[in-house]
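[1] model the following, please.
(one chain, ligands or ions: 1)
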Amino acid sequence: MTSTPDVLPPQARPHAAPALELVNLGKRFGGREAVRRLNVRVEAGELYALLGPNGAGKTSTIRMIAGLSRPDTGEARIGGHSMTTDAQAAKQHLAYLPDDPLLYDKLTPPEYLEFVAGLWGMNAAQAAPEAERLLKWLQLWPHRYERTEGFSRGMKQKLALAGALIHGPRLLLLDEPLTGLDAAASRQVKDALREFVDAGGAVVLTTHILEVAERLADRIGIIAGGELVAEGTPAELLARTETATLEDAFLSLTGPTAPTPSTNLRAEENE
Ligand SMILES: Nc1ncnc2c1ncn2[C@@H]1O[C@H](COP(=O)(O)OP(=O)(O)OP(=O)(O)O)[C@@H](O)[C@H]1O
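    Numbering: from 1, shown residues only. Reported below is the predicted structural model:
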C-alpha cells in the first residue's frame, strides 16, 4: 500500500487525554449483566483488540463506546469527553465502523465521502481534498467514477473506512473489520489500520480471529461473561498463562476450566 506521511489530519494528532477510557462501564439487559464494570485505557498510537467468546459482551461494549447504547454504570470517555454527558464532543473524536456498514449504491466513492463529510458539517470544498487523499491511500482512486453497487466486499469495506476517517477522528472503533474479506483486502485493511495508529490515531477493534489480534494488536483485552479477565501485550498474555499460542492462552482464560473472572488480574498487574 502506498504510504502517506500525513495519514492523520491535524485535529487527529496526539493529545493529552487518553484516546479512550472506560470507567466502570456496565450494562444490564433485564436481569443479565452483559458488561460488568469494565476499566480500560487506550492511548494514541495504540491498537487494542477486544477478544472474547460468543456472548462475552464485546458488541455491547462497542455500542456503548459509540454512543449507540447508554451504560447503566460508569461511562466511556473519548479524548477526555464523556459519551454520556458530552456526546457531541466525544463523537467528534470518534469513528465507528460496524461489521456491515451502510453504503449508498448509486453514489460514486467521492460522492459518498462528500455526503458523509456533510453530516459532519464539512462543506464540499473542505471534503474534496480529504476524500481524494483517503481514496488514493486506500487504492480506490482508480474506481472514483464507478458506483459502489458494483464493488466487492473488500472495496466496500475500504470505502466505509474512508468514510469513517473523513472528519479526522482520533479513535477508530471497528466491529469485526475483516469479516468476509479475502487475503488481499484483509491485508490492505490491516495495513491501513496500522498506518492510522503509527500516525498517532488509536484503534479499538473486536475480532474472533486470534491470529489477527496476535499479529496486529499492541494490546489485547480478553472479556468473558462481561468482565475483563486479562489484558496485556500478546507476549504478556502468553507468559501469564504459560502457553505457547494465543489460542491456548485464550482458551485457558475463557474456557470451561478458566478461573472465575473476578479472580483474574491484568497481565501487567501480575508481574
Ligand atoms: N439487546 C439485547 N437484549 C437482551 N440481551 C442482549 C441484548 N444485546 C446483548 N444481549 C446479551 O448480552 C450478552 C452479551 O452480548 P454481546 O452481543 O455484547 O456479546 P458479544 O461478545 O458481542 O457476542 P458475539 O461474539 O456472539 O457477537 C449476551 O448474553 C446477549 O444475549
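[2] let me see the confidence value for residue 129.
    At residue 129, the predicted lDDT confidence score is 94.
[3] can you check residue 180 too?
    At residue 180, pLDDT is 76.
[4] cool, residue 175 as well?
    88.
[5] use 37 as the first number for this chain going forward.
    With 37 as the first residue, the last one maps to residue 211.
[6] isn't it right next to residue 137, touching?
    No - counting by Cβ atoms under 8 Å, residue 137 is not a contact partner of residue 211; they are 9.7 Å apart. C-beta coordinates here come from the backbone N, C-alpha and C atoms, glycine included.
[7] between the two, which has more neighbouring residues?
    With neighbours defined as other Cβ atoms under 10 Å, residue 211 and residue 137 compare such that residue 211 has more, 21 against 17.
[8] so what does that one look like in phi/psi?
    Dihedral pair for residue 211: phi -100, psi 110, per degrees, to the nearest 10.
[9] what does the one 4 residues further on give?
    According to degrees, to the nearest 10, the main-chain angles of residue 215 amount to phi -60, psi 130.
[10] ok, it touching residue 137?
    No - using Cβ under 8 Å, residue 215 makes no contact with residue 137, being 11.2 Å away.
[11] so which residues on the stretch 37-186 of the chain come close to the ligand?
    Contacts of the stretch 37-186 of the chain with the ligand, taken as Cβ under 6 Å from any ligand atom, map to 65, 68, 70, 88, 90-96.
[12] now do 5 Å
    For the stretch 37-186 of the chain, the residues in contact with the ligand (Cβ under 5 Å from any ligand atom) are 65, 70, 88, 90-96.
[13] among those residues, which two are most distant?
    65 and 88 (16.4 Å; Cβ to Cβ).
[14] which secondary structure element is home to the spatially closest residue to residue 92 that is not a sequence neighbour?
    Among residues not flanking residue 92 along the chain, residue 259 sits closest, at 4.7 Å (Cβ to Cβ, 6 or more residues apart in numbering). Assigned by DSSP states H and E, residue 259 falls within strand 255-260.
[15] hang on, the earlier thing: shared neighbours of residue 211 and residue 137, anything?
    Here residue 211 and residue 137 share no contacting residue, scored by Cβ atoms under 8 Å, 6 or more residues apart in numbering.
[16] alpha carbons only: can I get stretch 63-74 in CSV?
    Below are the C-alpha coordinates for stretch 63-74, written out as CSV (Å, rounded to 0.1, in the frame of the first residue of the first chain):
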residue,chain,number,x,y,z
LYS,A,63,-24.7,-2.7,31.0
ARG,A,64,-27.7,-4.9,32.0
PHE,A,65,-30.3,-6.5,29.9
GLY,A,66,-33.2,-7.4,32.2
GLY,A,67,-31.6,-9.5,35.0
ARG,A,68,-28.5,-10.3,33.0
GLU,A,69,-25.3,-8.3,33.3
ALA,A,70,-23.9,-8.2,29.8
VAL,A,71,-20.9,-5.9,30.7
ARG,A,72,-19.6,-5.6,34.3
ARG,A,73,-17.6,-2.6,35.3
LEU,A,74,-15.0,-2.5,32.6
